[in-house]
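Asker: fold the following.
(chains A and B)
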Amino acid sequence: MHLAAHFPGVNSTTVWTDPRSRSQIEFSSFEHLARTAERGRFDFFFLAEGLRLREHRGRIHDLDVVGRPESITLLNALAAVTDRLGLAATVNATFNEPYELARRLATLDHLSAGRAAWNVVTSSDAFTGENFRRGGYLDRADRYTRAAEFVATARELWDSWSPDGNPRPFAHRGRHFDIAGEFTVPRSPQGHPVVIQAGDSDEGREFAASSADVIFTRHGTLDAGRAFYADTKRRLAKYGREPSELKIMPGVSYVLGDTAADAEERAAVIREQQVSPQNAILALEQIWGRDLSSYDPDGPLPEIDPDPGSDVAQGRVRVADPAAVAAKWRALSQQKGLSIRQTVIETTARQSFIGTPDAVAAELHEFVRTDAADGFILVPHLTPGGLDDFVGRVVPLLQERGVFRTEYTGPTLRSHLGLAEPVWKG
Amino acid sequence: MTVSRPLHLAAEIGGRPQYDAGYYTGLALLAERGTLDFITLDDSFARPGPDAPAVLARVAPDTGRIGLVPAVTTTHTEPFHVSSAVATLDWVSRGRAGWSPAVSETAAEAALFGRRDAAPRADLWHEAGEVADVAARLWDSWDDDAEIRDVATGRFIDRDRLHYTDFTGRTFSVRGPAIVPRPPQGHPVTVVDGTGAAAREAAVRHADVVLVRADDPLTARTFREEIRNRAAAHGRSPDQLRVLVSLPVELHTGADAVGLARLIADWYEQDAADGFHLLPADVERDLPLIVDGTVPVLQHHCLLRRFYPGATLREHLGLARPAGRYAQNPGGRP
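Answerer: Numbering: from 1, shown residues only, chains lettered A, B, ... in the order given. Just a heads-up that it's a prediction; the model follows:
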């Protein structure tokens, strides 16, 4: 089993109102979570990216955690306070250029002695583009062709020095990039940094099957996980790859308790913390596309229908069919007699694994044993102590079961993940 | 002898390309033992070597006081990313970050990106100045007290204390606000080599520390006066500006190190500069001699402090922490 720790970024998972919640930006918070993950012998530490603050109804969204450091700079600093933990940065392939990013990632791989990873994401978003020279809009198809060419180009650069340390000129001429010259960084300790792809879409799966070492997915039920796993692994053969060459790691959350009932009770409290009355209305407005600030979060759902042409929320994934979602929410609300806030909690704030440490360890094992996942990216709801109890109480049980390492066996992230060093294609 | 203003000392730690973190950490700790204000690390896309901001971020947790000033090129990069990376260096070093904007002039560097042709130096430095300007605006785009964590209203931040930059330059525009909250120093320290005429204009507008090259104290002093006057003409306080002479040094013996101390003292007493930025010919050989030979002599003559009285690079340099330009209530809120 592979395990990674996500430092929660901008989302409503993070319970900033809890008295144990500390800074989301000071280095000490990142250091605490990374050291905890390394004490738990995790494969890697994972950072999401932000390139534009989200907006809601034309104003900066103010209810969730906002503000974060730039990932690669932070991970270089974390390399100083950890020894073995992999360090994964989410970096957008739309608003960066291959030469500069390949250099920054290769530098991180050198300075961390082979622990760097790059989570490739894309954006089509003119809203985000307003912060960049690149600007503008890329349609969905172009986003992925650019991302695929970006990764291929980065690999050409990483391969442009021979393994004995001599630089060779490179030249890449493609649809998105036409670049040539000499790369400034030798082949890195892992050969190439590990490439992660985030996302569940068809294009995303195909891109992962062709190019990625790890795919970061949404969690799901055991059955959904197995279906995703089977489909994605099947795609690898087309690219001449073995199923073991791509690790499938869903992002999951957890709540522990001394008994099952205790865990359920805690989980319910956390969900209430995650969905404040204000956040409940906001979640509703994102579906309805309307100003619903006059509604009572403890009252019933609005009778009015969603506005199909609304652009109320900026900087987050749009709901594809708001009318259908609204209908589903109404049905659920009526059937169970739920208020607005309870409905939002019921539909959006479900933790993945809830139970005693024994039960959670068994369930995680079950996912891996039955091919629903190769491991998990844990998303704690507290910063920075949100993994303390997992590492203290669940990891030892996974180790007892013999499904998780008790010591790191190699120095690099590739060695943790059981991935071969890429063959040099000079 | 008594000196009313403190002498500032900095050193460049680049040289032969090295990719091992321990190499740089060793040099930074050595410079910190010598109580230098800051180290610089040069960078370029045009020759072998690692990314300088990354190296100094890696060094930050292993050091405690020394200022960390990487070169950051502004020609082929995204100003928004540059601003975020430098602000993050300030967060991870707890207020010890600076940056030294630089430009990429050659066709070979342009070909690495394939986005724009090589351009005249004056244009590139104009753009570098705009990048420095927008970076500072982005650092100010969060008021210091923007994070409120107000449980009653459910608000993590007060969005009225966040500000759009809406910057439009000749070659780019940035809407803002920043993703990174305002860094510990308010603005990380901007260090510009103002020796060339094109760079000097950006320096007098945007730099906190201006580096100049001069062969004699009189030339340096003239430079310093010109820079202070031109900064004042842009409405800046010359006293919030430090001019350091970049001195190439090559030391082989303890006697050389003492000789360097005498030269520094001599220039300093002639008001040539606020301090010196030493450029070792061979950093592994020269830096130990500077720290163990030059620094003690300067300390003995009470020209150089023996410890860091402050924690941040701005404090080492005696530069005030700037107030956010957009903050509606600069005096602070109740």
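
Asker: what's the span of stretch A:240-255, first residue to last?
Answerer: Terminal residues of stretch A:240-255 lie 40 Å apart, using CA to CA, to the nearest Å.

Asker: near chain B, which residues of the stretch 251-400 of chain A show up?
Answerer: Counting by CB under 8 Å from any CB of the partner chain, the residues of the stretch 251-400 of chain A close to chain B are A:Ser276, A:Pro277, A:Gln278, A:Asn279. C-beta here means a position set from N, CA and C on the backbone, and glycine is covered the same way.

Asker: residues contacting the third one?
Answerer: When contacts are counted by CB atoms under 8 Å, 6 or more residues apart in numbering or on different chains, A:Gln278 is found next to A:Leu63, A:Pro297, B:Thr153, B:Gly154, B:Arg155.

Asker: got the phi/psi numbers for it?
Answerer: Backbone torsions of A:Gln278, given as degrees, to the nearest 10, read phi -70, psi -40.

Asker: now the two most distant members of the residues of the stretch 251-400 of chain A next to chain B.
Answerer: A:Pro277 and A:Asn279 (7.4 Å; CB to CB).

Asker: contacting residues for the residue nearest to A:Thr122 when sequence neighbours are not counted?
Answerer: The spatially closest residue to A:Thr122, leaving aside those adjacent along the chain, is A:Arg143, at 4.0 Å (CB to CB, 6 or more residues apart in numbering or on different chains). Contacts for A:Arg143 (CB under 8 Å, 6+ apart) come out as A:Ala93, A:Thr94, A:Thr122, A:Ser123, A:Ser124.

Asker: quick revisit: which of A:Pro277 and A:Asn279 has more neighbours?
Answerer: Counting neighbours by other CB atoms under 10 Å in any protein chain shown for A:Pro277 and for A:Asn279 shows that A:Asn279 has the greater number, 21 against 17.

Asker: buried residues in whatever helix or strand A:Ala268 lives in?
Answerer: Secondary structure here is read from DSSP states H and E; on that basis A:Ala268 sits in helix A:260-274. By neighbour count on 16 or more other CB atoms under 10 Å in any protein chain shown, the buried set for helix A:260-274 is A:Ala263, A:Arg266, A:Ala267, A:Ile270, A:Arg271, A:Gln273, A:Gln274.

Asker: spit out the contact partners of the second one.
Answerer: With contacts defined as CB under 8 Å, 6+ apart, the neighbours of A:Arg266 are A:Val255, A:Leu256, A:Gly257.

Asker: could you do the last one as well?
Answerer: Listed by CB under 8 Å, 6+ apart, the contact partners of A:Gln274 are A:Ser12, A:Thr13, A:Val15, A:Ile345, A:Ala349, A:His381.

Asker: how many residues are close by the closest residue to A:Ser112 other than its chain neighbours?
Answerer: Closest residue in space to A:Ser112, ignoring its immediate chain neighbours: A:Ala79 at 3.8 Å, by CB to CB, 6+ apart. The number of residues packed near A:Ala79 is 25, by other CB under 10 Å.

Asker: next: the one 10 residues further on.
Answerer: A count of neighbours around A:Ala89, defined by other CB under 10 Å, yields 26.

Asker: most neighbours, which of the contacts of A:Gln274?
Answerer: For the contacts of A:Gln274, the largest number of neighbours (other CB under 10 Å) sits with A:His381, at 24 neighbours.

Asker: hang on, that residue packs against A:Thr13?
Answerer: Yes - between A:His381 and A:Thr13 a contact is recorded at 5.5 Å, counting by CB atoms under 8 Å.

Asker: shared neighbours, those two?
Answerer: Jointly contacting A:His381 and A:Thr13 under the rule CB under 8 Å, 6+ apart are A:Ser253, A:Gln274.

Asker: so who does B:His234 touch?
Answerer: Counting by CB under 8 Å, 6+ apart, B:His234 makes contact with B:Val204, B:Arg205.

Asker: that older thread, turn the contacts of A:Arg266 into a markdown table, columns for neighbour count.
Answerer: A markdown table is the format used below for these (neighbours: other CB atoms under 10 Å in any protein chain shown):
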| residue | neighbour count |
| --- | --- |
| A:Val255 | 22 |
| A:Leu256 | 21 |
| A:Gly257 | 18 |
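
Asker: return the member of those residues nearest to B:Leu112.
Answerer: When the contacts of A:Arg266 are compared for distance to B:Leu112 (CB to CB), A:Val255 wins out at 48.8 Å.

Asker: from chain B, how far out is that closest one?
Answerer: According to CB to the nearest CB, to the nearest Å, A:Val255 and chain B sit 21 Å apart.

Asker: much appreciated, bye for now.
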